[in-house]
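Enquirer: Coordinates for the following, if possible.
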Amino acid sequence: MSGKLTRIMALDVGVKRIGVAVSDPLGITAQGIGVIERQGQARDMEALRQLAAKHQVSGLLLGLPRNMNGTLGDKAREVQEFGRLVEQELGIPVEYQDERLSTRAVEETLIAADVRRSKRRQVIDKLAAVYILQGYLDRKAGNNNSGV
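Expert: Have a look, this model is predicted:
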């Protein structure tokens, strides 16, 4: 390890919204930083560019919605296409993290915490990005406690 401090920005890409999380500079924890309301390719790219600059991001991680059997469906291919565009537009390398069940896990956690449905809708995309990024960071650190 080079000792260089870098941040990774994770995206949970949806049709209407993009949940966004960033790692701390040491790559240990993930923090949700917001949700981008999709407004077309140019505006989406500009919003991502601003967040990447603000948080000094050196890598991007996109949640890849694989089918339950591990194959790539239409939605996964759309995310990969979006990833290629983001990498080209922002000049930041993109990686992918399997995101199967991430939204469901977040929603179940929020339900267990007795969070109202209206409030859940406001935070679920951001928390899904946190879930995806934290899983990636844990895997990179060798702390895979997912039971898989």
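Enquirer: Return the distance of stretch 45-61 from the chain's centre.
Expert: Here the centre of stretch 45-61 is set off from its chain's centre by 12 Å, with CA atoms, centre = their mean, to the nearest Å.
Enquirer: repeat for stretch 62-77
Expert: Per CA atoms, centre = their mean, the centroid offset for stretch 62-77 relative to its chain is 14 Å.
Enquirer: got the end-to-end distance for it?
Expert: 12 Å (CA to CA, to the nearest Å).
Enquirer: Which secondary structure state does residue 84 sit in?
Expert: State at residue 84, reduced to three classes by DSSP: H, G, I helix; E, B strand; the rest coil: helix.
Enquirer: What count of nearby residues applies to it?
Expert: 11 (other CB atoms under 10 Å). Yep, even glycine has a C-beta here, placed from its N, CA and C like the rest.
Enquirer: need the contact list for the closest residue to it other than its chain neighbours.
Expert: Nearest non-adjacent residue to residue 84, counting by CB to CB, 6 or more residues apart in numbering: residue 94, 7.6 Å away. Neighbouring residues of residue 94 by CB atoms under 8 Å, 6 or more residues apart in numbering: 59, 60, 61, 62, 83, 84, 86, 87.
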